[in-house]
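Undergrad: give me the fold of what follows.
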Amino acid sequence: MNRIYFDNAATTALDKEVLDAMLPYMTTNFGNPSSIYSYGRESRLAIETARKTVARLLNAHPGEIFFTSGGTESNNTAILSAIRDLGCKHIITSAIEHHAVLHTVEHYGCGEEVTSHFVKLLPDGHVNLADLEFQLSSHKERCLVTLMHANNEIGNILDIDAVGTLCKKHNAIFHSDCVQTVGHYPLDLRKTPVHFISAAGHKFHGPKGIGILYVNDNIKVKPFIFGGGQERNMRAGTENLYGIVGFAKALELAMKNYEKDSKYIQSLKTYMIEKLKNNIKGVQFNGDQEGKCLYTVLSVAFPKTERSEMILFNLDINHICVSGGSACSSGADQDSHVIRAINNNPNLVTVRFSFSKYNTRQEVEAVVAKLQELI
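TA: Numbers count the residues shown, from 1 in each chain. Next up, the predicted model:
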């Protein structure tokens, strides 16, 4: 049996066109972008062209785009910058953020100088905006709000404009982890009231080890890595040249094919929901699966039995790649902090299926047939 890969929210396959764009910078055009001779100038030009491409696609200014090693670094940097450089003394986040946000908030927001608090969630896993406004209005000190645009486990999509408007009203800094939405949805950062967003190339068929941090022009932050003068003196270290070229190419392809690809992937998800409802008794879905939700992610809760408890392990043996939650815990049958926060039912076992343009209806049918057999 061929391997079926349904864990695209963890990482995606590198697009052939992206690899083709990267290869020259791995072979002939290998110059250090900081060198002044022609090899270096060619590399520098490739980076700045990529930056302009990314900025154009996100409707941002090229000076607002900083290349990083990925979503985790970008999230860490945004949170640290908000505290260190922008005077935020209180952090409002949610219990269902990625660990790259939760652990960073825990690190910085546990002392007397900086405090933190979770916003309440609605039963379907969406952020309670009324509680967010209440929390913002009840803090005199400046707040940082860090809420993800779309949840990587259940797929719920945040009303980013509504949150941004509330933050503006209360003079709060707003950071959004957009790792699951950049490359999957058109974003207009000129119109969205947000100070920082994070993204990672490997979530939309780009390379691993490359991401961006968007920093709105209206705020000024200090360098996040010290050393050389790279990234306009903000992030020292020789740039990940071919990663940067690959990120821009992947984003360009993703946005060019957005309408076609999103429609196709949504049809796979809808088809799988139908097949599961019709073939597996007692199946449930976590989050707002048929409402404001990622078209790429389907979080399924199966009734807990002796057989379903080993579901991830048994699917793996049958060459089907899925996860129990985020990629951090996909190999082990650990409790997901997201599922615990929204649906703490010990009689259910959660599996996350996440799709890409490379998946097929035949694969959906094969996976549902295997699930019937295993459960």
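Undergrad: look up the pLDDT of the most far-flung residue of the chain relative to its centre for me, please.
TA: For the chain, the C-alpha farthest from the mean C-alpha position belongs to Tyr37; by Cα atoms, centre = their mean, that distance is 37.6 Å. Model confidence at Tyr37, expressed as pLDDT, equals 95.
Undergrad: please apply the same query to Ser330.
TA: On the pLDDT scale, Ser330 is placed at 41.
Undergrad: and if you look at Asn345?
TA: pLDDT at Asn345 comes out at 86.
Undergrad: how many neighbours does it have?
TA: Using other Cβ atoms under 10 Å, Asn345 has 15 other residues around it. The C-beta positions use only the backbone N, C-alpha and C, and glycine is treated the same way.
Undergrad: one more: Lys16?
TA: Other residues near Lys16 come to 9 when the count uses other Cβ under 10 Å.
Undergrad: list the contacts of the lowest-mean-pLDDT helix or strand in the chain.
TA: Lowest mean confidence among the helices and strands of the chain (mean pLDDT, DSSP states H and E): helix 337-342, at a mean of 91. Identification of contacts with helix 337-342 by Cβ atoms under 8 Å, 6 or more residues apart in numbering yields 94-96, 99, 102, 121, 123-125, 151, 153-154, 286-287, 299, 301, 325-326, 350.
Undergrad: isn't the residue farthest from the centre of the chain right up against Arg44?
TA: No. In this structure, Tyr37 is not within contact of Arg44 by Cβ atoms under 8 Å, at 10.9 Å.
Undergrad: tell me the contacts of the closest residue to Gly31 other than its chain neighbours?
TA: Once flanking residues are discounted, Gly31 sits nearest to Tyr39: 2.8 Å by Cβ to Cβ, 6 or more residues apart in numbering. Applying Cβ under 8 Å, 6+ apart, one finds that Tyr39 lies in contact with 29-32.
Undergrad: mind running it again at 10 Å?
TA: 28-33 (Cβ atoms under 10 Å, 6 or more residues apart in numbering).
Undergrad: are any of those buried, and if so which?
TA: The neighbour-count test (16 or more other Cβ atoms under 10 Å) applied to the contacts of Tyr39 identifies 29, 31, 33 as buried.
Undergrad: so is the first one in a helix, a strand, or just coil?
TA: Secondary structure for Asn29, judged by DSSP: H, G, I helix; E, B strand; the rest coil, is coil.
Undergrad: quick check: it touching Ser43?
TA: Yes. Contact criterion Cβ atoms under 10 Å: Asn29 and Ser43 qualify, at 6.4 Å.
Undergrad: overlap in contacts, these two.
TA: 241-242, 245.
Undergrad: against which helices or strands is whichever helix or strand Val18 is part of packed?
TA: Val18 belongs to helix 16-26 when assigned by DSSP states H and E. Counting contacts by 3 or more Cβ pairs under 10 Å, 6 or more residues apart in numbering; DSSP states H and E, helix 16-26 packs against helix 38-58, helix 241-256.
Undergrad: quick one: the helices in the stretch 201-350 of the chain, in order.
TA: Assigned by DSSP state H, counting those that start in this stretch, the helices in the stretch 201-350 of the chain fall at 230-233, 241-256, 258-279, 311-317, 337-342.
Undergrad: between those helices, which gets nearest to Thr49?
TA: Closest to Thr49 of the helices of the stretch 201-350 of the chain, according to Cβ to Cβ: helix 241-256, at 7.5 Å.
Undergrad: so which elements touch the closest one?
TA: Partner elements for helix 241-256 (3+ Cβ pairs under 10 Å, 6+ apart): helix 16-26, helix 38-58, strand 65-68, strand 196-200, strand 211-215, helix 258-279.
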